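Enquirer: When you get a sec, could you give me coordinates for this:
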Amino acid sequence: MVIIDLLILSSLVRLLIRFEQPWWCAGLYTAYRLALFLAMPGLQMNPWLAACLVAAASSAYFWLLSRLDSAGLLWWVVAIPGLLLLLWLVMWI
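Expert: Got it, this is the predicted structure:
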């Protein structure tokens, strides 16, 4: 499951670089996670609340990446730890 999330997030980062629409990327990722949350039994919290947390975190992540130059070192410093933090958040929920 982590590998699929990693592939989806990295694909959304590529979409962000190409189209520069952070809210679309965050919305797509939130919709994907909400569908999984609703399909998975035994969540620790309400699926809608979990989706709201994912929406807030992914919106901040994609917005911050869109504000930085994708060719710069700072972009990579934000991209890799942010990706890991998003994966950690999803696994924690």
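Enquirer: Just give the closest residue to the spatially most central residue of the chain, not the sequence neighbours.
Expert: In the chain, the centroid-proximal residue (Cα atoms, centre = their mean) is residue 58; its distance is 4.1 Å. Nearest residue to residue 58 in three dimensions, chain neighbours excluded: residue 26, at 4.3 Å (Cβ to Cβ, 6 or more residues apart in numbering). Any C-beta I mention is one placed from the backbone N, CA and C, and that applies to glycine too.
Enquirer: cool, residue 6 as well?
Expert: Sequence neighbours aside, residue 87 is the residue nearest to residue 6 in space, at 6.6 Å (criterion: Cβ to Cβ, 6+ apart).
Enquirer: same for the host helix or strand of the one you found, what does it pack against?
Expert: Per DSSP states H and E: residue 87 is located in helix 73-92. Contacts defined by 3 or more Cβ pairs under 8 Å, 6 or more residues apart in numbering; DSSP states H and E place helix 73-92 against helix 2-19, helix 47-67.
Enquirer: would you turn those into JSON lines with mean pLDDT?
Expert: Formatted as JSON lines, those follow (pLDDT from 0 to 100):
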{"stretch": "helix 2-19", "mean pLDDT": "92"}
{"stretch": "helix 47-67", "mean pLDDT": "94"}
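Enquirer: any chance of those helices in a markdown table, plus distance to residue 33?
Expert: Putting the helices and strands packed on helix 73-92 into a markdown table (distance: least, Cβ to Cβ, whole Å) gives the following:
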| stretch | distance to residue 33 |
| --- | --- |
| helix 2-19 | 8 |
| helix 47-67 | 5 |
